[in-house]
Structure formats: structure tokens, C-alpha cells
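# next input, structure requested:
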Amino acid sequence: MNRPSKFRTNKPRFGTAWVPGALFASAVALMAWLVHVIIPFIPLLTAAVMIGIICTQLPFARASITGVLAPGLKLVSRRFMRIGIVLLGFQLSLADVGRLGWKPIVGVIVVLVLTFIATLWIGKLFRLPGHEPLLIATGFSICGASAIGAMSGVIKAKDEETATPVALVTLCGTLAIAVLPMLWHPLNLDAIAYGKWVGASVHDVGQVVATAQVAGSAALAVAVVVKLTRVIALAPMVAIASAVVRRNSGGALDAGNRPPLVPLFVAGFIAAILIRSFASVPVPLLEAISTVQTGLLAIALVGLGTAVRLVELVLTGWRALIVALLSWTIIAVLAYFAVVIT
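Reported below is the predicted structural model:
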């Protein structure tokens, strides 16, 4: 009589079935890079999500995306995302954050927390299904699609719950690239203040670069530092979510299925920040890590993009769209006042 092993888990075993999907996502990410090279105004990660979304709307490609390519797309959207987030930590230096001064740092934290709470509340007010309110709040307050991918892995969100927030944060981040530069002078902001505003309100790092660079190198530099200060919040937010899931699960989940108090990729992300802050890491190595990190996130975002069904989003996702636009407005307004006050 064969007894079930106590070490057996319910985790999917892909074998080599993931290879076609991973190769497809890599090819699409390369295509996104070419789009970015030809049109620098479009950030690489934004292009990756958008092309992934477009691919899955094509009738001749949909059968493959939901069939033979599905295991690989699912794997890269989770595993590659987590590895990319760990490597993202090497872009963060506590010294750079400290040079902002305590007032801007406090302002960033206040804007982030208020945006997160407000978006979560609005999402529940509009009765968004499942984990959508939490994922939208995470993406809009912290760092876009990367934060959504990190949070979804911890709370075990379904692919369809993740797809809508990813599409919406990409849409609003793309709108910011066009809208915020038009408001720069009417709002009477100098270049540095504009950079702080962009860094505190735009979602993805690539979108921040595209939005801030119109004001010059000084604005771009401060925008990136402010943005990366927001990224640091990803670790505690995901860790808190993991703790809440553990508490709410009680005895419903066995020890093998309950999320750890601090997910491994979050611990790696923190370790990377500390290494970058206190060790002398050669610049060429940092540049190589940045390239790998960007490539992994691009591939992962292609996977997330292929889960978006535009027809369903248009027909049933209007409430989520309203929540996203309100969240985008809230963070832009709060960030503006934080910049003016500090």
C-alpha cells in the first residue's frame, strides 16, 4: 500500500513545459526593448506590459497563450518577478535616500500611506472583487506592476485578479508621462520640485524617468531617488500582508501552504539594499545587475500582460477603472502638496 509522503506538496510541477512560454515572453520582452530604443519616450517595462496585453487579444495567438505557453508565462510572471525585485534592491542606497532630508522622506511616506488607505477604501466602496482593492492600492502607492506582482504572490491572488490592476497601473502611468509635463509650469514648480513631484506620484521607475527627464538632469536625479524611496516600502508592505494572511488562515492552511512571515524574495530585497548601502560594489557590476533586473522584470511583465482580457475589462471593469483614476488623482494631488510644504 502506497502511503502519501508527508513531504508531498500541491505545488505545480512544470517539468520542461515552461520552456515555450518563457521563450515567448523573452522574445516579446526583446521586442519591447526595440520599441524603447526606437521610441525612447516609451519606457521598456511599459512597452513589455502593453505588448503582452496586445498579444493575448489576437485570436490566432490566444489559443497558444492559454495552452502550450501558459505554464511558462505563469512561471515567469511569478519567479522572474521575484528575482527581479531582489535585484532591484541593488539600485537603492540608504545614503542617497538620506541626502533628501527628513522632510521629503516623511512627505513620501505620508503620501504613500494615505494613497494606499484611500485606494483600498475606495476599492471596497466600489465592491471590486477578491484581492483587486489591495492590489490596486499596492500598485498605485508603491511601484506599479512590480509591486502588484510581489503582493499577488504573497496573498495567492488569482491571475485574473492580478491582470486588471496591472493593466490599470500601466494605463495611468502612461497617462502620467503625457499629463504631468503639461502641468509643470502651470503649477509654478521649479525643476527640482517637479522632479520630487514626479518621483512621489508616478508608479513605475521607467515611467518616472520618462516623465521627469523633460525638466533636465537635476530633476531626473531627484525624481529617481524619491521614487526609489517609495520602493523601499515594498518590503514592509508585503511582509505585513504575509503576516495578515497567516493570521487569517488560522488552521485552514497547513504549514507548507501558509506564507512565511517574511517572504524569501523580500528578505533578498532587503539584503540587496544593505549590500548596496554598506559595501563597495563596483559600478560595472551594478550596471550588469541593473540590466539583468530590468530584463527579468520585462519578461515577467509580459507574462502578467498576457493575462489581461481587454473585452472583459471594458465590459465588467469600469468600476476598477474609476478606482484607478481616483487613486491616480489622489496620489498626484497629495504628492504636489507634500512637495510644496516640504
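
# for the stretch 201-342 of the chain, which segments count as helices?
With DSSP state H, counting those that start in this stretch, the ranges of helices along the stretch 201-342 of the chain come out as 205-212, 217-232, 234-249, 264-278, 283-305, 310-316, 318-341.

# make TSV out of those helices and add distance to Gly149.
Glycine gets a C-beta too; all of them are placed from N, C-alpha and C. Below are the helices of the stretch 201-342 of the chain laid out as TSV (distance: least, Cβ to Cβ, whole Å):
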stretch	distance to Gly149
helix 205-212	14
helix 217-232	13
helix 234-249	10
helix 264-278	10
helix 283-305	6
helix 310-316	18
helix 318-341	17
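
# lowest average confidence across these, which one?
Among the helices of the stretch 201-342 of the chain, helix 310-316 carries the lowest mean pLDDT, a mean of 74.

# give me phi/psi at Asn188?
Asn188 has phi and psi values of phi 60, psi 50 when expressed as degrees, to the nearest 10.

# for it, what are its contacts?
By Cβ atoms under 8 Å, 6 or more residues apart in numbering, no residues touch Asn188.

# let's see it at 10 Å
By Cβ atoms under 10 Å, 6 or more residues apart in numbering, the contact set of Asn188 is Val340.

# over to the one 10 residues further on?
With contacts taken as Cβ under 10 Å, 6+ apart, Val198 has the following neighbours: 176-177, 180-181, 184, 189, 207-215, 219-220, 222-224, 226-227, 332, 335, 339.

# most packed of the helices of the stretch 201-342 of the chain?
Mean neighbour count (mean count of other Cβ atoms under 10 Å) peaks for helix 205-212 among the helices of the stretch 201-342 of the chain, with a mean of 26.

# tell me which residues in the helix or strand where Ile53 lies are buried?
Here Ile53, judged by DSSP states H and E, is contained in helix 44-57. For helix 44-57, burial by neighbour count (16 or more other Cβ atoms under 10 Å) applies to Leu44, Leu45, Thr46, Ala47, Ala48, Val49, Met50, Ile51, Gly52, Ile53, Cys55, Thr56.

# and these, which is closest to Asp96?
Leu45 (21.3 Å; Cβ to Cβ).

# distance from the helix holding Ile53 to the middle of the chain?
14 Å (Cα atoms, centre = their mean, to the nearest Å).

# next secondary structure after that helix?
Using DSSP H and E, the helix or strand that follows helix 44-57 in sequence is helix 59-65.

# check which helices and strands that next one sits against.
Applying 3 or more Cβ pairs under 10 Å, 6 or more residues apart in numbering; DSSP states H and E, one finds that helix 59-65 contacts helix 19-38, helix 44-57.

# which non-adjacent residue is nearest Val292?
Leaving aside its sequence neighbours, Val292 sits nearest to Leu87 (Cβ to Cβ, 6 or more residues apart in numbering; 6.2 Å).

# surely the one you found is in contact with Ala300?
No: Leu87 is not in contact with Ala300 according to Cβ atoms under 10 Å; the separation is 11.7 Å.
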